[in-house]
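J.: next come a sequence and a model predicted from it.
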Amino acid sequence: MFDYIIEIIGSLRRNRLRTLATGFAVASGLFLLIVLQGAGNGIIHTFEQNSEDFSFDAITIYPGSTSMPFEGMKEGRSIQLDEDDQKVSEKAFPNEVEHAVAQVSQSGASASVGENYLSSVTLEGVYPETQDLEAVKMLEGRFINKIDLAEQRKVIVISNKNRKDLFKHGEHALNQHVRVGSVSYMVVGVYKDDEMENNSTFYAPFTTIRTIYGKGKFVDELHLKSKNLTTEEANERFEENYRKAMAGKHSYDPADKSALWIWNNASQNADMNKASNILHTALWVLGLLTLLSGVTGVSNIMLISVKERTHEFGIRKAIGAKPHNIIGMVVMESIVITTIFGYIGMLLGIFFCEYMDATVGSQTMDMGVFQQKYFVDPTVDISTCITATIVIIIAGALAGFFPARKAAKVKPIEALRG
């Protein structure tokens, strides 16, 4: 082994340009693979972070107005959802709907605490399940619970931004009272807003808002928690069947999509996952093609190297060298080159990904009403880097093995003549 190492070092020194060319092909291929993976991860992580405030198993149903005549009734009729639709949604679709909750809204109300004043807020009458369906993250206190519903308590959950507007002197908001319109509500929780400047939603018990504002049996929207809807086809099939069921209950044409508006987060999640998988696969394909170009470069250079050393191999065989000695020497030389320069390419790729994370990854995009990062954590885990390095070392060994095996089979007299 020591003799192998001495010979390999001597060969690399004698052929510096060839060694550098081979090393550059290996290092650049591995570098580009890691950078492409890091950039792709930055885009995917951005999607994931931006979707943290969404519940992807939630489906929201909004009433609309008909755009088609149906059984003697003209188009333009307003469709109104009611509390019975909540039960229909659960019973008619037990395999697709885990539970359904109704929601009522009252907008345009003013809110005040002492001299602090908000001109227009929206009261949402909700159930406890709304916290999960709308991905409401609590910062203080609690969300609406079943006791609030049963006793029709005058309690609210406000956003963190509204807490700062209404309690400007650092007072604690919990258990304090906020006057909304002519009714006084006690604050039981503060939720995390999404930095939207117009975020002014107050959550209150469904039964309380329905009673105070005389909503009766009608509701403004339905929220469904879906299950088993993991593909785009399954979501399309559910939406079609759901429209038919609601059309039968509210007497409109099932093909009339204006009568009922469906906002399906599950379908969007399926599309996003599909796009992420396509992007991830495309980046791997591009990276592997780049890596393959590096391996091809190694293979070509090793072919030239073996061809140039045919006379040398003939002498070695004439003085007693075995075929496996020649093959081993060439393969070891290839492994040494790919290992050293592969490691360099890996380090450069990791360094560049960290540089992207420290510069572009820390910047935010100003969307006017809110800000968000647009290139989150563009890095690659170390296992991917090590795996790619091992792959290129193995490929480099194979690139040296096949031409060496061919040269080792040549008879000494032919090799010396060559």
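T.: Thanks, I have it. Numbering: from 1, shown residues only.

J.: check which element follows the lowest-mean-pLDDT helix or strand in the chain along the chain.
T.: Least confident helix or strand of the chain, by mean pLDDT, DSSP states H and E, is strand 371-373 with a mean of 58. Beyond strand 371-373 in the direction of the C-terminus, DSSP states H and E gives the next helix or strand as helix 382-408.

J.: that following helix packs against which elements?
T.: If you count contacts as 3 or more CB pairs under 8 Å, 6 or more residues apart in numbering; DSSP states H and E, helix 382-408 packs onto helix 16-50, helix 265-308, helix 310-318, helix 323-358. All C-beta atoms are positioned from the backbone trio N, CA, C, and that covers glycine.

J.: buried sites along it?
T.: 384-385, 388-389, 391-393, 395-397, 399-405, 407-408 (16 or more other CB atoms under 10 Å).

J.: how distant is that helix from the center of its chain?
T.: On the basis of CA atoms, centre = their mean, to the nearest Å, helix 382-408 sits 33 Å off its chain's mean C-alpha point.

J.: over to stretch 74-81?
T.: 39 Å.

J.: buried residues in it, which are they?
T.: Neighbour counts over stretch 74-81 (16+ other CB under 10 Å) mark 77, 79, 81 as buried.

J.: in a markdown table, list those along with pLDDT.
T.: Output for those, formatted as a markdown table (pLDDT from 0 to 100):
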| residue | pLDDT |
| --- | --- |
| Arg77 | 92 |
| Ile79 | 92 |
| Leu81 | 93 |
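
J.: of all these, which comes closest to Ala135?
T.: Leu81 (22.3 Å; CB to CB).

J.: spit out the contact partners of the closest one.
T.: Contact partners of Leu81, counting by CB atoms under 8 Å, 6 or more residues apart in numbering, are 61, 63, 102, 218-222.

J.: 7 Å - rerun?
T.: For Leu81, the contact set (CB atoms under 7 Å, 6 or more residues apart in numbering) comprises 61, 63, 218-219, 222.

J.: show me those that map onto helices.
T.: Assigned to helices by DSSP state H, none of those qualify.

J.: can you tell me which two in those residues are farthest apart?
T.: Ile61 and Phe218 (13.4 Å).

J.: between those two, who's got more neighbours?
T.: Ile61 (23 against 14; other CB atoms under 10 Å).

J.: quick one: that one and Ile262 touch, right?
T.: Yes - look at Ile61 against Ile262 with CB atoms under 7 Å: they come within range, at 6.0 Å.

J.: about what we covered before: got TSV for the buried residues of stretch 74-81, with distance to Gln176 and secondary structure too?
T.: Converted to TSV, those look like this (distance: CB to CB, whole Å; DSSP: H, G, I helix; E, B strand; the rest coil):
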residue	distance to Gln176	secondary structure
Arg77	45	coil
Ile79	40	coil
Leu81	34	strand
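
J.: model confidence for Gln363, exactly?
T.: We have a pLDDT of 63 for Gln363.
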